[in-house]
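S.K.: Just to be clear, the model below is a prediction. Sequence and coordinates:
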Amino acid sequence: MGISEESNTEPLYEKIWVKYTLSRVMDSIILILLVLLLCYRVFSYDDMNHHSYPWFLAFMCESWFTFTWLTIISTKWNPSYTKSYPHRLFSRVAELPSVDLFVTTADPVLEPPIITVNTVLSLLALDYPSNKLSCYVSDDGCSPLNLYALVEASKFAKLWVPFCKKYNVKTRAPFRYFDSNNNEATAPNNSPEFMQEWLAIKDGYEHLCSKIQNATKKSIMLDQEFHVFSTTQLNNHPTIIKVIWENKEGVSDGVPHLIYVSREKNPNHPHRYKAGAMNVLTRVSGLMTNAPYILNVDCDMHVNNPEIVQHALCVLMDPNSDKEVAFVQCPQQFYDGLKDDPFGNQLVTIFVYIGGGVSGIQGIYYVGTNCFHRRKVLYGLSPHHHIQNGNKDLGKSSKKDIIFGSSEEFVESAAQALEGKKTFTQNANLCNSLEAAKEVAASGYEHGTDWGNKVGWMYGSSAEDILTGLTMHTKGWRSESCVTDPIAFMGCTAQDSVVQMAQYQRWGSGLLEIFFSKNCPIFGTIFGKLQFRQCLAYIWVTTWALRSVPETCYALLPAYCIITNSYFLPKDLGVLIPAALLVAFNISTLLEYLKTGLSMRSWWNNLRMSRITAMNPWIFSFVTILLKKLRIHDYAFVVTKKELPINEGLDKNNVNAGGRFIFNKSLVFVPGTTILLLQLTALIINFFGWQPKARSGGQGSGFGELICSIYVVLFYLPFLKGLFRKGKYGIPLSTICKSMGLALLFVHLSMFIV
Ligand SMILES: O=c1ccn([C@@H]2O[C@H](COP(=O)(O)OP(=O)(O)O[C@H]3O[C@H](CO)[C@@H](O)[C@H](O)[C@H]3O)[C@@H](O)[C@H]2O)c(=O)[nH]1
Ligand SMILES: [Mn+2]
């Protein structure tokens with residue numbers, strides 16, 4: 001069999017199923033214990049009718065935990081991942097398709113332009129014919145600084161891109177390539193020619209950095225091409241689109257197109273945050289290049305594997321997947337992660353166990369970045385739709401207006417994308433479509449259309465990513481994850497606890513909003529094509545914020561019981577059930593961490609952070625959505641602060657400090673501080689034997705409650721330290737006072753409720 005024949009029969013990608021037997025066994029044991037505990041509570045209720053509140057409350061909380069565990073176990077049950085064979089792609093397809101690359105940035109202060117620039121450079125240098133790539137940057141900050149940085153970056157790209165391709169550089173974000181920890185920098189090729197070029201490139205990059213830095217300090221002169229910014233306000237400005245670089249000759253080894261887009265903002269029109277920005281990019285790119293595939297990344301997510309486009313295309317171009325797979329999601333991993341993951345935000349095990357698990361059902365969630373979409377799916381196509389049907393559905397020119405808006409050019413381009421026609425003419429002049437592009441980037445363009453509702457990125461949640469993926473799964477599409485070695489993209493994650501709390505709070509509310517909307521996964525299964533277990537997986541993720549209620553109640557129970565001398569744990573041998581649960585849960589999670597190659601410390605940190613997250617930011621997420629539903633108060637998308645990578649020498653010694661909790665006056669730390677103060681109160685009361693007499697001669701709190709209380713204190717150790725520390729590492733006095741007030745109120749009320 002000849003090589004070409006062989007590769008014509010072999011698949012472009014394979015789905016590989018993994019069996020984590022140990023995980024399954026442990027998870028099942030935990031489920032059985034949870035059910036046993038619930039049964040115990042029900043059956044022992046009768047003969048001990050002096051059981052009071054705590055018993056009932058514990059039962060309610062444990063029912064919720066059991067339900068959550070069911071969703072987890074179902075999601076994790078048969079994990080899978082894909083293996084792709086890029087070398088087969090080249091012999092299989094006559095011509096590689098084009099891919100549009102989207103980058104979003106929103107705030108030049110929280111998202112320093114040099115970070116965006118690195119992401120863009122890494123995209124421009126992808127190992128893919130450059131005449132098939134076009135990079136669109138959306139700037140919601142409407143900042144001349146971002147435009148300036150990109151213009152300068154495009155100049156540097158003319159050195160950087162050929163250099164990367166010539167020497168097959170692995171790390172294509174310059175700041176990572178020149179990082180002193182990167183052993184690739186000079187290793188592969190020590191020829192004088194290479195060294196000379198290397199030095200020139202390093203020089204060029206440093207020059208670029210210092211130019212951007214100077215511009216940040218001095219602010220940009222608003223003349224010539226920057227004149228348009230002279231009258232702009234953040235929330236009130238016309239559309240600005242600049243073709244920064246056009247690969248006019250369409251050469252395959254040049255620099256891809258680079259286009260800057262700052263969509264119109266008008267205080268009278270909602271701008272829908274990131275989802276709105278993505279939809280504008282979709283339309284603008286539809287007019288300019290209309291590639292059938294779209295890769296989108298956040299401004300901090302640089303390419304870490306230059307061959308990732310080929311890998312993803314293997315999945316998307318497989319003959320079967322055209323009618324099945326909507327998108328290909330690559331993992332979200334982070335560089336310069338703090339040692340042992342003190343804030344539990346590196347999400348490694350979540351990606352392996354939950355991400356892998358859900359990939360084995362209907363497909364991994366879309367997480368907002370590092371994802372390849374099919375344009376036609378974004379335009380609302382359903383799977384297994386013949387093009388003709390697709391046309392009927394989305395067709396009829398009168399109806400297309402309502403769906404896609406009033407731009408005839410765009411409606412035309414959308415029709416072509418839906419039919420899978422090749423429209424990308426390599427020598428087309430991008431500037432010809434500027435006027436049409438400005439029209440579709442206008443703030444009022446979407447009014448009365450299906451954008452954000454049936455087409456494009458979905459509106460109605462600050463977790464637009466999960467919502468958009470869910471809508472696709474509900475239509476019956478699948479998705480695949482694409483895990484490569486090295487990992488495809490790397491980004492930055494919150495570097496301190498304050499930023500982390502804000503991020504979790506936004507996620508919590510965005511997700512819960514989906515659960516309480518018409519897009520709720522439960523409806524998706526009843527009325528749509530969302531598979532049942534996929535529905536459970538979506539319930540697991542969209543109800544994060546709801547967990548705050550049972551988790552907080554459960555954490556308060558031991559303190560309450562000690563203070564009032566009552567109990568919530570079984571008094572007889574039944575106590576072995578919760579004890580076994582505690583042990584099994586800890587062992588099983590610990591084993592998962594160790595198996596993923598993580599440390600024991602990082603296991604504990606994550607365990608602790610899951611509790612802290614559930615009881616602090618998620619309470620506020622819950623309240624936020626409550627207020628929104630009651631139409632009392634709406635909320636905004638708070639952009640996560642991104643930091644430049646830790647400079648050598650400067651912070652390396654300070655890594656411990658980096659892992660330390662910092663606090664501010666935000667209310668988000670009040671629940672945790674209150675819970676901690678209550679446990680301490682309870683422990684003191686217990687120690688000095690100040691408990692009241694057990695009610696009506698019944699039994700009082702015991703060893704179990706004491707252990708639980710201490711366990712909660714252990715989780716809140718960072719808060720405990722915070723009580724005694726000063727400055728940003730200490731809990732502010734105002735927070736302590738508020739928490740003390742709440743704790744006193746709680747103790748006082750407890751006395752009545754027993
Ligand atoms: O009005 C806005 C707000 C944000 N963004 C961009 O959206 C991206 C994500 O924002 P970020 O603050 O980094 O949020 P994260 O918490 O890191 O984002 C995660 O969660 C989001 C959903 O909550 C997803 O959209 C992201 O892709 C995912 O990485 C960034 O590129 C922003 O520039 C905009 O373009 N316009
Ligand atoms: Mn981010």
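M.R.: Now that the structure is in, tell me what you want to look at. Being a predicted model, the structure only gives us computed values, none of them experimental. Residues are numbered from 1 along each chain as shown. Ligands and ions are numbered 1, 2, ... in the order given.

S.K.: Find the closest residue to ligand 1 in this structure.
M.R.: Nearest residue of the chain to ligand 1, counting by C-beta to the nearest ligand atom: Gly368, 2.2 Å away. Yep, even glycine has a C-beta here, placed from its N, CA and C like the rest.

S.K.: Checking that residue next. Helix, strand or coil?
M.R.: Secondary structure, DSSP: H, G, I helix; E, B strand; the rest coil: Gly368 is coil.

S.K.: residues in contact with the closest residue to Met301 other than its chain neighbours?
M.R.: Spatial nearest neighbour of Met301, excluding adjacent residues (C-beta to C-beta, 6 or more residues apart in numbering): Gly491 at 4.0 Å. Each residue near Gly491 by C-beta atoms under 8 Å, 6 or more residues apart in numbering is listed here: Asp298, Asp300, Met301, His302, Gln332, Gln333, Phe334, Tyr335, Thr369.

S.K.: List, out of those, those positioned next to ligand 2.
M.R.: Filtering these for neighbours of ligand 2 using C-beta under 5 Å from the ion leaves Asp298.

S.K.: Restricted to strands, list the contacts of Gly491.
M.R.: Counted as lying in strands by DSSP state E, out of these, are Asp298, His302.

S.K.: Generate CSV for the contacts of Gly491, with neighbour count as supplementary columns.
M.R.: As requested, the contacts of Gly491 are exported to CSV (neighbours: other C-beta atoms under 10 Å):
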residue, neighbour count
Asp298, 24
Asp300, 24
Met301, 26
His302, 27
Gln332, 24
Gln333, 20
Phe334, 19
Tyr335, 18
Thr369, 22
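
S.K.: Val255: which of the contacts of Gly491 is nearest?
M.R.: Sorting the contacts of Gly491 by distance to Val255 puts His302 at the head of the list, at 16.6 Å, by C-beta to C-beta.

S.K.: I'd say that closest one and Arg176 touch.
M.R.: Yes. Because the distance of 6.9 Å satisfies C-beta atoms under 8 Å, His302 is recorded as touching Arg176.

S.K.: could you list every residue that touches whichever residue of the stretch 1-150 of the chain sits closest to ligand 2?
M.R.: Nearest to ligand 2 in the stretch 1-150 of the chain, going by C-beta to the ion, is Glu111, at a distance of 8.6 Å. Glu111 makes contact with Thr105, Gly141, Cys299, Asp300, Val639, Lys642 under the criterion C-beta under 8 Å, 6+ apart.

S.K.: Give me the subset of those lying in helices.
M.R.: The helices, defined by DSSP state H, take in nothing from these.

S.K.: which neighbours do His302 and Arg176 share?
M.R.: In contact with both His302 and Arg176: Asn118, Met490, using C-beta under 8 Å, 6+ apart.

S.K.: quick one: the residue nearest to Phe568 when sequence neighbours are not counted from Tyr459, how far?
M.R.: Closest residue in space to Phe568, ignoring its immediate chain neighbours: Pro54 at 3.7 Å, by C-beta to C-beta, 6+ apart. As judged by C-beta to C-beta, to the nearest Å, Pro54 and Tyr459 stand 43 Å apart.

S.K.: So for these two, which residue has more residues nearby?
M.R.: Counted by other C-beta atoms under 10 Å, Pro54 and Tyr459 do not tie: Pro54 has more neighbours, with 23 against 18.

S.K.: State the helix or strand in which the more buried one lies.
M.R.: Element membership for Pro54, per DSSP states H and E: helix 53-76.

S.K.: ok, now Leu123?
M.R.: Assessed by DSSP H and E, Leu123 sits inside helix 113-124.

S.K.: what about that helix, distance to the chain center?
M.R.: Using C-alpha atoms, centre = their mean, to the nearest Å, the mean C-alpha position of helix 113-124 is found 19 Å from that of the whole chain.

S.K.: Check which helices and strands the helix or strand that comes right after that helix sits against.
M.R.: Reading on from helix 113-124 to the C-terminus, the next helix or strand found by DSSP H and E is strand 133-139. Strand 133-139 is packed against strand 99-105, helix 113-124, helix 144-166, strand 257-262, helix 273-288, with contacts defined by 3 or more C-beta pairs under 8 Å, 6 or more residues apart in numbering; DSSP states H and E.

S.K.: got JSON lines for those, with mean neighbour count too?
M.R.: Written out in JSON lines, the entries for the helices and strands packed on strand 133-139 read as follows (neighbours: other C-beta under 10 Å):
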{"stretch": "strand 99-105", "mean neighbour count": "27"}
{"stretch": "helix 113-124", "mean neighbour count": "26"}
{"stretch": "helix 144-166", "mean neighbour count": "21"}
{"stretch": "strand 257-262", "mean neighbour count": "25"}
{"stretch": "helix 273-288", "mean neighbour count": "26"}
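
S.K.: For the closest residue to Arg24 other than its chain neighbours, the count of nearby residues, please.
M.R.: For Arg24, the nearest residue in space outside its immediate sequence neighbours is Trp77; the separation is 6.9 Å by C-beta to C-beta, 6+ apart. Around Trp77 there are 17 other residues, counting by other C-beta under 10 Å.
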